[in-house]
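Undergrad: what follows is a predicted protein model with its sequence.
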Amino acid sequence: MIQMQISSEFPPISQPMVFRLRTIIPKDPQELDNCDAVLISEEDHFSEFDLQGFSIRLKLENVHDFDGDVILAVPGRKSVHRLVRSQSKHNTFLVTEQCDQKCVMCSQPPKKHHQDLFDCFLDAVRLAPIGATIGISGGEPMLHKDRLFHFLIKSQKLRPDVRFHILTNGQHFTSGDQRTLSLLDLRSILWGIPIYSADAEIHDRIVAKTGAHEVLLQNLAFLGSVGGLIELRTVLLRSNVQGLASLADHITTFQPFAHYWAIMQLENIGYGRMNWAGEFYDNSVAFDPIAKSIDLATARGIPPSLFNFPLCTVPDDYRPNCFASISDWKQKFIHECRGCALRSTCGGFFEWYPEDNGFSRIAAQ
Amino acid sequence: MKIWPLQFRSIDSSHMVFTDDTGKFFKASTKFLERYATENLSVDDTIFLQQNGHAFLNFDDFQFVGFASRWINRVSPVGDLKYVILVPTLRCDLKCDYCQVSRVAKKARGFDWSEATLRQVISFLSNLSPTEVKIEFQGGEPLLRLDILKTIRSFCRQRFKQAEFVVCTNLQEVSDEAWEFLSADDTQISTSFDGTNHHHQKRRTISDTQQESFEENLGLALARFGSEKVSALPTIDPLDPPEPSELISNYASKGFRTIFLRKVNFQGFARKKYSFEGADRHWEAFYRQFIEELITYNMTADKPVEEFYLSHILRRIVRSGHHNHVDLRNPNWLGKDYVVIDHDGKLYPTDEARMISRVGQIDLSVGDLENGLDAETLHSLNSEASNFDDPDCVHCVYKPYCGPDVVDDLSRYGRIDLPRHETDHCQRHMFLFDLAFELIFSENLAVQKSLANWLDISEFNQRLAPVLS
């Protein structure tokens, strides 16, 4: 598992702050940013960096793997957080832990408290590698929509090369947002929005919010008509699997502007763990409802991507739809994977996948 | 609830197919038509119409926006010019019975690009704005001017980020140097093979020696490069077609997965030579039999085969946004995303336009290398590029999937304002669309197996053929 938190010895700070690690000092001092912490020495397991004359000591295994990383430090916490890993494609800013839905599969159940870190995020975007894609997640990031839009506008001014992938429940757009959205380069923002069912009652039950489906459809239509790039996301559950083909029908009919449709296997964490017994659908024994949905949506021009599906649980014909989607820092392979020829293209399992209570057919290929 | 206008057409004695402007379709009984026309829809009717995307409640609601978006996807956008068909020579070493391109003898003079023309072509290509280009070498037989092909290819490779090349050759005489040229990864081979050696020899190669040399070269090309890189098209004489099953197995055994049946065209020398009285009926009978044989073949085949144009039509019916084939799209913009440069430096909007002009019937050139594209001519051709407001097409159930062919109309009738149903283009496509819907609503498993393959999916899905019962 990849290290996300780093033990540190840090001067006292009163505000959250970000800095970038530089283990190789650039020849041109102009390339150094005020927020760059430059490696001074390595001893034992600690590496010492200089940030504007202050010393920062970080416990790092192989310090040069961290060159270019953007680090977030929060007052009162001993460890610091790797906000942007320069070598990774999976960098996400957690905007808030608040949420107005309570989805049965939520991997990060909501909390009431909110700490605004947008100023730090803006610094982090400025320091991010060229052409980076930054995930924006929560909780529900759009609960702080004004701050979020402000952050996006400023980010795009500073760094037009950076792309964003914003995960939102789609509940908080209003027609009044059209002006703000027109200030953004919408081609470099992908909105990942969940839709669980074509049936309003089932969707509302899954997200635990009455009326959510109706608002969702209206807002998808709004975002689609202003030209937003949309990725629809459907977590596979026992409560929606039988309606998956209807959902494929619905999406291709009413959201044909969607650029992607991701069908995702359940993650055994948060509420997902709590509801695992009732909601985990074992596609390794019965793939048919998913197959039908893929066929329908593909024929109509929106070929779905399968996320978090180990390749051996998917019939051959549908493996081209699978993406090795599990972020590197939470991915694992299990003992059945030993000797599997597909391992290099397979997404494997979540770190917290319960081997004794998961797919019944896992086999090296 | 407001219902978007529906067009309809009988598909059997008691059923009709209905479509809206976005191409969403369904099958229903003639009784539904009565209810629809007299505004007596049942509750089930209205639920069905809403779920299938044919209705909306309020302006800008999700059903309205879904419809608008599907409609927009049906419109083929004007693309940048990045597909150029080049005719460096009209000379050819064969004299095929039905030559469509009005060739001249191998030794004729004055039918090749001059040095000056070549320079102008290069200057034309260097002024294209996209970073990628596709060049198709046509003729005549382009391999007779391998020197020009080499010059153009080297230039494009250096000028564009991505450049692809297709050489349309009869594979009659291929020198070592030509084989070397054809072996490049960015270069594809397109040839003609009329389905059986007998038919091919009768119409094209004539002599045993020539036929043997073609067979040898086609075999060599496939052995060296595989069917990924080599494609072939059969030209069919409706009055003397090959046996469909024989054509299919000859193509399949060579590794081809796509067969694009081409009816011998009423252009070039073919027009002078043949009288095609009743040929359309023969063609339809042959085409239908061919598709039936293909379905039977695919039932047990490891590697299923498609008829290219029928697959194109099926994809256009089932999904919007499928505009990648210039023979059928709407609007069918001319002289925008592709153009033909003839042996004399004249520019044509399509290869057909070049042929018609060559036989002296009408001048459809849209400029020349000297002066570039002629905006005025293009504008007048493109004013008829779509079927949106064609007074006949607006009533047609197949309008969303179809598209006009101004050049074909001009070539046959010298005018474009004939009642649609009297034109060859309309009749041919009505036949094809009828056939396509017959297949889509078929409950025959063999048909569904082929359909799945032609629609790029694993299994056909009943939801792709909605029925209002």
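TA: Ah, there it is.
Undergrad: just give the nearest non-adjacent residue to A:Ile290, would you?
TA: Excluding the flanking residues, the one nearest A:Ile290 by C-beta to C-beta, 6 or more residues apart in numbering or on different chains is A:Asn283, at 5.9 Å. For every residue, glycine as well, the C-beta is placed using N, CA and C.
Undergrad: pull the number of nearby residues for the one you found.
TA: Look at A:Asn283: counted by other C-beta atoms under 10 Å in any protein chain shown, it has 24 neighbours.
Undergrad: and what of A:Arg343?
TA: 15.
Undergrad: ok, the closest residue to chain A within the stretch 201-350 of chain B - contacts?
TA: Across the stretch 201-350 of chain B, no residue is closer to chain A than B:Arg319, which sits at 3.6 Å (C-beta to the nearest C-beta). B:Arg319 sits next to A:Ala299, A:Arg300, A:Gly301 when contact means C-beta atoms under 8 Å, 6 or more residues apart in numbering or on different chains.
Undergrad: assign the last one to helix, strand or coil.
TA: This points to A:Gly301. coil (DSSP: H, G, I helix; E, B strand; the rest coil).
Undergrad: what sits against it?
TA: A:Thr252, A:Pro256, B:Asn73, B:Arg319, B:Ser320, B:Gly321, B:His322.
Undergrad: redo that, cut-off 7 Å
TA: The contact partners of A:Gly301, by C-beta atoms under 7 Å, 6 or more residues apart in numbering or on different chains, come to B:Arg319, B:Ser320, B:Gly321.
Undergrad: am I right that B:Arg204 is in a helix?
TA: Yes: according to three-state DSSP, B:Arg204 belongs to a helix.
Undergrad: wait, it sits on B:Leu94?
TA: Yes: if you go by C-beta atoms under 7 Å, B:Arg204 and B:Leu94 touch, sitting 5.9 Å apart.
Undergrad: of those two, who's got more company?
TA: Neighbours were tallied for B:Arg204 and for B:Leu94 using other C-beta under 10 Å; the higher tally belongs to B:Arg204 (22 against 19).
Undergrad: strands along the stretch 51-200 of chain A, start to end?
TA: In the stretch 51-200 of chain A, strands defined by DSSP state E, counting those that start in this stretch lie at A:54-59, A:70-73, A:79-84, A:91-94, A:133-137, A:163-167, A:189-194, listed in chain order.
Undergrad: return the set of buried residues in the first one.
TA: So that's strand A:54-59. A:Ile56, A:Arg57, A:Leu58 (16 or more other C-beta atoms under 10 Å in any protein chain shown).
Undergrad: could you chop the chain up by domain?
TA: Using chain A here. A:1-81, A:82-350 (the TED database).
Undergrad: please go with chain B instead
TA: Using automatic domain parsing, the domains assigned to chain B come out as B:1-72, B:83-376.
Undergrad: list phi and psi for A:Val162.
TA: Here is the backbone geometry of A:Val162 (degrees, to the nearest 10): phi -80, psi 140.
Undergrad: work out for me the element B:Leu451 sits within.
TA: helix B:445-454 (DSSP states H and E).
Undergrad: mind giving me the packing neighbours of that helix?
TA: Counting contacts by 3 or more C-beta pairs under 7 Å, 6 or more residues apart in numbering or on different chains; DSSP states H and E, helix B:445-454 is packed against helix B:279-300, helix B:308-318, helix B:424-440.
Undergrad: contact residues of the stretch 51-200 of chain A facing chain B?
TA: Taking C-beta under 7 Å from any C-beta of the partner chain, no part of the stretch 51-200 of chain A reaches chain B.
Undergrad: where in the stretch 51-200 of chain A is pLDDT low?
TA: Applying pLDDT under 70 to the stretch 51-200 of chain A flags no residue at all.
Undergrad: pick out the lowest-pLDDT one from the contacts of A:Gly301.
TA: The lowest pLDDT within the contacts of A:Gly301 belongs to B:Gly321, with 78.
Undergrad: can you get me a residue count around that residue?
TA: Look at B:Gly321: counted by other C-beta under 10 Å, it has 18 neighbours.
Undergrad: repeat that for the one 4 residues further on.
TA: Using other C-beta under 10 Å as the criterion, B:His325 is surrounded by 15 other residues.
Undergrad: what's the pLDDT at the nearest residue to B:Ser458 once chain neighbours are set aside?
TA: Leaving out its chain neighbours, the residue that sits closest to B:Ser458 by C-beta to C-beta, 6+ apart is A:Asp317, at 4.2 Å. On pLDDT, A:Asp317 comes in at 96.
Undergrad: Three-state assignment for A:Asp317, please.
TA: Per three-state DSSP, A:Asp317 ends up helix.
Undergrad: tell me how many other residues crowd it.
TA: A:Asp317 has 14 neighbouring residues, counting by other C-beta under 10 Å.
Undergrad: and what of B:Ser245?
TA: B:Ser245: 15 neighbours (other C-beta under 10 Å).
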